[in-house]
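Colleague: Sequence and predicted structure, then a few things I'm wondering about:
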Amino acid sequence: MVTQTVTIGFTASITGSYNTESTRQVDGLQLWMDDVNNAGGIHLSDGTVLMFESKSYDDESNKDRVQELYTTLATTDNADFLISPYSSGLTAAASVIAEQYGKVMITTGAASDDNYKQGYTGVYQVYTPSSRYLTSSIDLLASLDSSAKKIAFVYENSTFSTGVAEAAKAYAEGLGYDVVLYEGYDAGTTDFSAIINKVQAAAPDAILGGGHFADGEALARQLNEKQVPVKFVSLLVAPPEPSFSELGDAAKGIAGPSQWEPQVKFTEEGAVADGTTWIGPTGEDFVSEYTAAYGEDPSYHAAGGYAAGLLLQYAIQTADSIDPDAIKAALDGADLTTFYGNIKFDTSADNHGLQVGHAMVVVQWDDNLVKQIVWPESAATAAPIYPLGQ
Amino acid sequence: MSIDALLAGFVDGLLIGFVYGVAAMGLTIIFGVMDVINLAHGPLIAIGMFGVYELFTYLGMNPYLAIILVAIGGLLVGIIVYFTAVHRVIDAPPLSSLLSTFSVNMMIIGVGTAILSTSAYNVNFSLPAVSAGPITVTGNRIAAGLIAILVTALLYGFLYRTRPGKYIRAVANNRQAAELMGIPSTRILALAFGVGTMLAMTAGGLIATILPINILAGGTYELKSFVIVVLGGLGNPLGALIGGLILGLIEGLVPIFLKVTWVPVIEFGLFVLILLVMPQGLFGKKDS
Amino acid sequence: MKRFAGLLISLIVVVILAVIPMISGSAATRESMFTILMAIALASSLNILLGYTGYVSFGHIVFFGVGGYVGFFTLTQLGWNLWLSMVAGGIAPAILAYLLGKSILRLRGAYFALATIGVNEAMRALVNNLDAFGGPVGMTMKFTVYKDYGGATQALWMTYRMLALVTIVVVVTSYLVKKSKFGLGLMAIREDEDAAEVMGVRAPSAKTWSYVLSAIFPGLVGVLFFFKNGNIEPGDAFRLQLSIELIVMVMLGGFGTVFGPILGAGVYQQLRKSLLTSPIFKNVQLAVAGLLLLLIILFIPTGATGWLRKRFPRLRRVLE
């Protein structure tokens, strides 16, 4: 019996603006690694036992660092597999490097569709793509109030949120909505007063957008401070994070799309019924393990991190090796169900690696500062709050 | 264009403009007195921000009281920076003081990032908002504006009504003549640097009460301060205040007509333009 | 041969550095050497303006950004090959420098320094708003472009060799400028601009040409850098911090010399790299660099090379 150590390389935003989300993602991945190692690693048919270790650096939420560091991971550190950093922007930078050195990279925390149109062959996406992020919020709005026709899009000028906003705008206009404002703000903006004044002047029924956690939180807070009269607000990334509740009153009624929530139920029975392969723990088990390990509730970033690990595990088990080409073949053919949801990839040359199996839910903070799932109706845990009582 | 939006933009811009003005006054006083552009200005603002944050979060102090402590701290920090980095190169070519103050900048940012990381922090202390008709202004922003005006008044009182203040103006006017008159120029220079730092840190503290802060945000306000002092005239505190108001109004009003991302283009474009066409600024150097 | 004695040490050091990865064939070494050579090329080009002419540019990185963007644009949107893109990426910042030379070089001292910051920030904000250049999201290169150069691995090695060549050209140019009448005029301007003019140096024209010369090479380096990285964004192209680090390198190594920027860049990058991957020290890196800079300014303003030349007069012939 031969033991081999598989090195998984990635960068984490230990410092910098993505710190909140990235830490959750890495925690999730680490939990998976601990689970697999504690279960005795992965056994290949030739008797090799694979144990996993991670090699990571702080990218400081900075794209420049990402390329340098992933190059180090791929060359000096000889990582066998790579996991993406958090955020589409950083992942775009890392993907180039991964492909240049022929390493398979699983991306999590990165939703931008564009990344899969560049001709990469070894980059695979775990998250639902950005083009489908806000469409469900619009569907929710439509079901709540057919008279609410005016939408304002206020989004961060990052790869991710720009992609989300473009797709959502097209979707909204296709359904007959009037987009009264469509404007991006630069990353790192802390003073939203000017843009909020603009929103208020446009008098929308709903505000959609945001970007990542830091700006989403600031935007929600300042909308509340300025007492902007709006009926529905759905923001990216921030509302699904448990720490969003620190806003107190400003968080109540704010909705947001989520890749996964603890209350969502995927089961092995369901997987068998769908004809997909089941792998990994159940949702409840994941939540209790995570809470025991980290002392807080997992957000979807954490779930995504864990799912990335599960995906790699599946690929290695199916390919029965860690050879990159065999892994790619295994991933190309994957049709999985995990506690996180369904995972399946687009394998066409134009969109290789794009996630096509996974779907989003919409969450909203209720008056007791509890995060509820409000859409789709089949997964809802509470009725949506509408309109916002501003 | 909506009148409401113009009004809201005007009020918001004006209030934060006063705060920008305080920060810029700090920079311009140092230049006016000793011909040094303090490139540590940004990190000093950041220290002010975090000073208030730490005092509020860990000692439960009212942020507005914390600002007073931070201001006093600023005076001391400024004097220390003066004697460490500036005194030795005060008469050397400008490159030396630019680089020495910049090195202080790097040191503060380096240590600050190591301790605080570059994540965002919030001072969760809200005064009630004030609504007048269609516009709502947060209480914190009004308080910040009023305090900034108060600080300006105090600064003028200091410069024109107290002995040290007059000495500072004398040294700014002509250092050698001042020395001949018996004014201890080194101590006055250090004091002036201290006052400049105090203003920067006070502005930082005020910003912490209205916006999220991080260690690198100081850099943004430093760049704004450059634009402002050039607009108002290097060395002219009143010019700095008015420059601050102008910048605040640009930030509040321009987004109504253009995409908000054009504001920095206008700010820096104006900056370069003024330097080319009217380097003495709108009000000229105080005592040339 | 004696005429070029001063150039020899600088050239030998650069050539040795450049060749190390080519001998070992290691991609990891190549990547570290890439960052070092890039720093040497950028610092040396800044030295032409800062070291010889005495004008402190805090925003020198704007030429790297403009060249990088123009080159990347022609490469990915217009389908030009890398060589033509490099030409474009070298000409664009040169034109910008010429225009700026006619305007902001009139300013002296601190005003000029501030103006260069303003130019860098204005350019970044402008590019941020230009959809043709991808706006805030920037541009990404389709991976298939590497096929035109024999695949990704080949392309990376080729890019490295190009950078090594550019670096050597910068160093030689720097030496030739220093030894020429043009360079003498620049240094006269540095010491006392008015006196230089009285002596017949046409300062405005000389300054402008030194500015243009200092702008071409960052542009070329920019095109290579972003070609290697496969994407470009306004934040990456116009990083003010990198601009400042270049100043530290020049001052550390010794401004106004050919060897100075090489020494400064090499030492600074090594320091940065060793601190960067260490979790404890990576933030302290900036503080350490700042402390170094302060000590140099206060005590050894002529930098390491200047100190060596003073201490060992015999070395002066070979240590330019």
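Modeller: Nice, thanks for sending it over. Just so you know, these numbers come straight off a predicted model, no measurement behind them.
Colleague: Near chain B, which residues of the stretch 151-300 of chain C? Just list them.
Modeller: Counting by CB under 8 Å from any CB of the partner chain, the residues of the stretch 151-300 of chain C lying close to chain B are C:244, C:247, C:251, C:283-294, C:297-298. Heads up, the C-betas are built off the backbone N, CA and C, glycines and all.
Colleague: all strands for chain B, in order.
Modeller: B:130-132, B:135-137 (DSSP state E).
Colleague: Tell me how far the last one lies from the chain's centre.
Modeller: If I follow you right, that is strand B:135-137. Taking CA atoms, centre = their mean, to the nearest Å, the mean C-alpha location of strand B:135-137 is offset from the chain mean by 25 Å.
Colleague: hmm, that strand touching chain A?
Modeller: Yes: using CB under 8 Å from any CB, strand B:135-137 comes into contact with chain A via B:T136.
Colleague: what's that strand in contact with?
Modeller: Applying CB atoms under 8 Å, 6 or more residues apart in numbering or on different chains, the external contacts of strand B:135-137 come out as A:E225, A:K226, A:Q227, B:D4, B:L7, B:A8, B:V11, B:D12, B:L15, B:A129, B:V130, B:S131.
Colleague: Give the rounded mean pLDDT of that strand.
Modeller: For strand B:135-137, mean pLDDT is 82.
Colleague: Tell me which strands that strand pairs with, and in which orientation.
Modeller: Strand pairing for strand B:135-137, determined by DSSP bridges: strand B:130-132 (antiparallel).
Colleague: Quick one: distance of the strand it pairs with to the chain centre.
Modeller: That offset, for strand B:130-132, works out to 28 Å (CA atoms, centre = their mean).
Colleague: How about residues contacting it?
Modeller: Here strand B:130-132 has contacts from A:Q227, B:T136, B:V137, B:T138, B:G139, B:I142, using CB under 8 Å, 6+ apart.
Colleague: can you do 7 Å?
Modeller: Applying CB atoms under 7 Å, 6 or more residues apart in numbering or on different chains, the contact partners of strand B:130-132 are A:Q227, B:V137, B:G139, B:I142.
Colleague: Buried residues, stretch A:221-238. List them.
Modeller: For stretch A:221-238, burial by neighbour count (16 or more other CB atoms under 10 Å in any protein chain shown) applies to A:221-226, A:228, A:230-238.
Colleague: what about it, distance to the chain center?
Modeller: With CA atoms, centre = their mean, you get 21 Å for stretch A:221-238.
Colleague: Format the CA atom coordinates belonging to that stretch as PDB.
Modeller: Taking C-alpha atoms only, stretch A:221-238 is exported to PDB below (Å, rounded to 0.1, in the frame of the first residue of the first chain):
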ATOM      1  CA  ARG A 221     -26.900  50.400   5.200                       C
ATOM      2  CA  GLN A 222     -26.800  53.700   3.300                       C
ATOM      3  CA  LEU A 223     -30.100  53.000   1.600                       C
ATOM      4  CA  ASN A 224     -31.600  52.600   5.000                       C
ATOM      5  CA  GLU A 225     -30.000  55.700   6.400                       C
ATOM      6  CA  LYS A 226     -31.300  57.800   3.600                       C
ATOM      7  CA  GLN A 227     -34.800  56.200   4.000                       C
ATOM      8  CA  VAL A 228     -35.100  55.500   0.400                       C
ATOM      9  CA  PRO A 229     -38.700  54.600  -0.400                       C
ATOM     10  CA  VAL A 230     -38.500  51.400  -2.400                       C
ATOM     11  CA  LYS A 231     -40.600  48.200  -2.400                       C
ATOM     12  CA  PHE A 232     -38.100  45.500  -3.100                       C
ATOM     13  CA  VAL A 233     -34.300  45.200  -2.800                       C
ATOM     14  CA  SER A 234     -32.200  42.300  -4.000                       C
ATOM     15  CA  LEU A 235     -28.400  42.500  -3.600                       C
ATOM     16  CA  LEU A 236     -25.600  40.200  -4.600                       C
ATOM     17  CA  VAL A 237     -23.400  38.200  -2.200                       C
ATOM     18  CA  ALA A 238     -24.000  40.200   0.900                       C
END
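Colleague: tell me the centre residue of chain C?
Modeller: C:L42 (1.2 Å; CA atoms, centre = their mean).
Colleague: Correct me if wrong: that one contacts C:E245.
Modeller: No: C:L42 lies out of contact with C:E245 (CB atoms under 7 Å); the separation is 9.1 Å.
Colleague: Okay, now the unreliable bits of the chain?
Modeller: Assuming you mean chain A. Applying pLDDT under 70 to chain A flags the ranges A:390.
Colleague: that's the other chain; I wanted chain C
Modeller: In chain C (pLDDT under 70), the answer is C:1-3, C:276-283.
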